[in-house]
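**Q** can't give you the sequence, but here's the structure:
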């Protein structure tokens, strides 16, 4: 019997071992199949394992994204984990082919192309992973500080933000400085992890 996602996801978030076993039984074939579709037959189980780790890390934040009841149900969840698997497949192929984003651009510009992976597909995966990392990083910032950061990004001055949020100018400048550093460090950390 297939586990109900409305029960399974909260159990996964809470680290219930039997639920993780059910999850792996249900989705392992799908995830390893994604890897095989990218020609990564020998790495299929490793890719699936990376997806499990991605769902587990950072206090299961990738699982917490789903609000219950799920709109789209199992299909939406399956599409989500398949997308994660695709990103790991693209990243693994990039490492095997020793291709950096700048190499991709150079090879495309020189008309050489890259076998079995389009620039658009590569850029979309790279962009999506960066956005996911950014979204996870932004979750840790309190809402008022996020508002301040977004207003700053829109070009408002510190004084204008201070007036809009009814907060002292010094506090606004401190928040923006600290949060820009945090986001930069998180994105740099993500870049370093990808290079390993």
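**A** Here it is on my side, so go on. These figures come from a predicted structure and were not determined experimentally.

**Q** By residue count, what's the longest helix in the chain?
**A** Criterion DSSP state H: the longest helix present in the chain is helix 169-195.

**Q** which helices and strands does that helix pack with?
**A** Contacts of helix 169-195 with other secondary structure elements, assessed using 3 or more Cβ pairs under 8 Å, 6 or more residues apart in numbering; DSSP states H and E, are made with helix 119-139, helix 143-153, helix 158-165. Where C-beta positions appear, they are placed from N, C-alpha and C, glycine not excepted.

**Q** Pull out the buried residues from that helix.
**A** 171, 172, 173, 175, 176, 179, 182, 183, 186, 190 (16 or more other Cβ atoms under 10 Å).

**Q** and it, how far from the chain's centre?
**A** For helix 169-195, the separation from the chain centroid amounts to 17 Å (computed by Cα atoms, centre = their mean, to the nearest Å).

**Q** Tabulate the helices and strands packed on helix 169-195 (JSON lines), appending mean pLDDT and mean neighbour count.
**A** Putting the helices and strands packed on helix 169-195 into JSON lines (pLDDT from 0 to 100; neighbours: other Cβ atoms under 10 Å) gives the following:
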{"stretch": "helix 119-139", "mean pLDDT": "68", "mean neighbour count": "15"}
{"stretch": "helix 143-153", "mean pLDDT": "89", "mean neighbour count": "16"}
{"stretch": "helix 158-165", "mean pLDDT": "93", "mean neighbour count": "16"}
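
**Q** Can you add distance to residue 75 and give those back as a markdown table?
**A** Conversion of the helices and strands packed on helix 169-195 to a markdown table gives the following (distance: least, Cβ to Cβ, whole Å):
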| stretch | distance to residue 75 |
| --- | --- |
| helix 119-139 | 19 |
| helix 143-153 | 31 |
| helix 158-165 | 41 |
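
**Q** For the residue sitting nearest the centre point of the chain, give its distance to residue 139.
**A** By Cα atoms, centre = their mean, the chain has its centre lying nearest to residue 132, at 3.3 Å. If you measure residue 132 against residue 139 using Cβ to Cβ, to the nearest Å, the figure is 11 Å.

**Q** now swap in residue 63 and tell me
**A** 13 Å.

**Q** Likewise for residue 179?
**A** According to Cβ to Cβ, residue 179 and residue 139 sit 12 Å apart.

**Q** and what of residue 5?
**A** From residue 5 over to residue 139 the distance is 22 Å, taken as Cβ to Cβ.

**Q** Ok, residue 17 next?
**A** If you measure residue 17 against residue 139 using Cβ to Cβ, the figure is 26 Å.
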